[in-house]
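Novice: 3D, please:
(one chain, ligands or ions: 2)
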Amino acid sequence: MAVRRSRPTAAPKAAAGTTPHAAPPDEMLLAFYRQMVLIRRFEERAARAYTQAEIGGYCHLNLGEEATVVGLMSAMEPSDYLFTNYREHGYAIGRGIAPGRIMAELYGRSDGVSKGWGGSMHLFDLEARLLGGYGIVGGQVPLATGAALAIDYRSGKEAVVCVMGDGATNIGAFHESLNIAALWQLPIVYVVVNNGLGMGTTVEQSSGEPELYKRAASYRMASARVDGNDPVAVRDATLSALASAREGKPFLLETVSGRLKGHSVVDPAKYRAKDEAESLKAGDPVAAFAVQLAERDLLTDEAIADIDAEAMRAVGEAVAFAEASPHPSVETLFDYTYATAVPNDSRRLPGQPLFGPAPFPLIGAPV
Ligand SMILES: Cc1ncc(C[n+]2csc(CCOP(=O)(O)OP(=O)(O)O)c2C)c(N)n1
Ligand SMILES: [Mg+2]
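Specialist: Residues are numbered from 1 along each chain as shown. Ligands and ions are numbered 1, 2, ... in the order given. Okay, here's the model as predicted:
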């Protein structure tokens with residue numbers, strides 16, 4: 001079998017089929033850059049903490065996807081809902097969650113966004129309307145579609161943004177969800193973050209139609225592909241997509257960027273050709289945006305260094321916050337497993353006898 005290994009086809013700067021938006025003011029561009037640098041430094045620090053065994057479980061980083069994350073999050077209203085996958089630290093930062101609470105979750109501490117029980121892949125914050133963080137590829141897609149149905153059911157004005165990787169577009173529930181959303185005209189934007197790879201498998205190796213935005217045509221859904229390395233292009237495309245979704249026309253947006261490192265922090269990405277890694281580095285969206293802003297006289301070398309120092313300080317504080325936070329008490333292990341009472345849930349800890357009196361009150365048991 002011939003092995004096809006190629007980068008995703010280049011995306012246009014602006015997404016075709018979307019309306020142009022007013023250029024963001026200089027202050028907004030600088031804020032985009034600051035947030036991209038913060039995400040970059042946060043992720044690098046998370047990788048270090050993982051190798052120091054401060055973080056357990058799995059850990060996937062947004063390195064190389066900073067422009068996509070910032071562009072997407074800047075277009076959402078605070079009242080909109082976000083679902084995403086396990087590569088979600090940057091999205092949590094973009095939704096305004098304090099980096100300390102995110103780092104504390106990575107450390108498995110009780111001040112973490114999910115009280116330390118979720119970890120890197122399961123960030124959740126109702127106030128920020130970040131409804132996860134999901135480890136099952138594509139698992140968030142039907143859930144997000146259900147949230148859009150709930151909004152529609154009560155005639156709400158909010159929209160749902162459902163972020164997934166390119167790999168998730170081959171999950172059956174992706175197609176079922178898009179079909180239902182199109183039929184029922186749900187207020188949802190599906191965003192495929194095409195970083196070219198699902199673990200070590202390229203999009204071309206796994207998808208019969210590698211231009212993933214075209215899949216929307218099967219459901220007569222509007223769609224577009226945009227350069228995921230350009231935060232302004234991503235913001236514009238997302239604003240258009242959200243406007244469409246709010247009118248009951250769901251949208252499929254594909255952003256094209258690259259994954260700078262391995263699939264997770266323990267993946268050395270040996271399947272990658274040297275020239276491919278080098279070209280990704282050369283196209284680094286954080287560095288590219290700095291150049292773009294410097295060319296417009298919005299950034300000097302000194303300002304770049306200051307922004308970097310500020311991000312390093314914020315990340316240092318986040319780590320200190322995580323380290324100072326206590327581990328969750330084991331008695332709270334089952335407290336957040338189910339939203340409602342489940343009579344047959346034994347709530348016994350591993351090693352405790354299965355029969356005999358319950359070690360603590362059973363959920364739903366008469367009191
Ligand atoms: C249903 C399911 N199958 C397989 C896996 C193992 N797995 C975890 S991540 C991943 C790749 C997903 O790639 P993509 O959707 O492109 O997201 P990316 O990691 O590139 O952000 C796979 C196959 C899983 N978590 N869930
Ligand atoms: Mg991918």
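Novice: what pLDDT does whichever residue of the stretch 101-250 of the chain sits closest to ligand 2 get?
Specialist: For the stretch 101-250 of the chain, the residue closest to ligand 2 is Gly165, as judged by C-beta to the ion, at 3.7 Å. For every residue, glycine as well, the C-beta is placed using N, CA and C. The confidence metric pLDDT takes the value 98 at Gly165.
Novice: Bridge partners for it, pull those for me.
Specialist: The partner list for Gly165 in beta bridges (DSSP bridges) reads Val193.
Novice: wouldn't it be in contact with Thr201 here?
Specialist: No. Taking C-beta atoms under 8 Å as the definition, Gly165 is not a contact partner of Thr201, at 11.2 Å.
Novice: Compare these two and say which is more crowded by neighbours.
Specialist: Under the neighbour definition other C-beta atoms under 10 Å, Gly165 and Thr201 were set side by side, and Gly165 has more, 24 against 16.
Novice: how close does that one sit to Ser325?
Specialist: The spacing between Gly165 and Ser325, counted by C-beta to C-beta, to the nearest Å, is 30 Å.
Novice: next one: Leu186
Specialist: For Leu186 relative to Ser325 (C-beta to C-beta), the value is 38 Å.
Novice: Between the two, tell me which one has more neighbours.
Specialist: Under the neighbour definition other C-beta under 10 Å, Leu186 and Ser325 were set side by side, and Leu186 has more, 26 against 20.
Novice: And the closest residue to that one other than its chain neighbours, how close does it get to Val189?
Specialist: Leaving aside its sequence neighbours, Leu186 sits nearest to Ala148 (C-beta to C-beta, 6 or more residues apart in numbering; 3.9 Å). Noted for Ala148: a distance of 9 Å to Val189, by C-beta to C-beta.
Novice: Mutual contacts of those two, please.
Specialist: Ala159, Val160, Ala245, Pro250 (C-beta atoms under 8 Å, 6 or more residues apart in numbering).
Novice: count of neighbours near the third one?
Specialist: The one in question is Ala245. Taking other C-beta under 10 Å as the neighbour definition, Ala245 ends up with a count of 26.
Novice: Surely it is in contact with Leu253?
Specialist: No. The criterion here is C-beta under 8 Å, and Ala245 misses it with Leu253 at 10.1 Å.
Novice: Quickly list what's touching both of those two.
Specialist: Counting by C-beta under 8 Å, 6+ apart, the contacts common to Ala245 and Leu253 are Val189.
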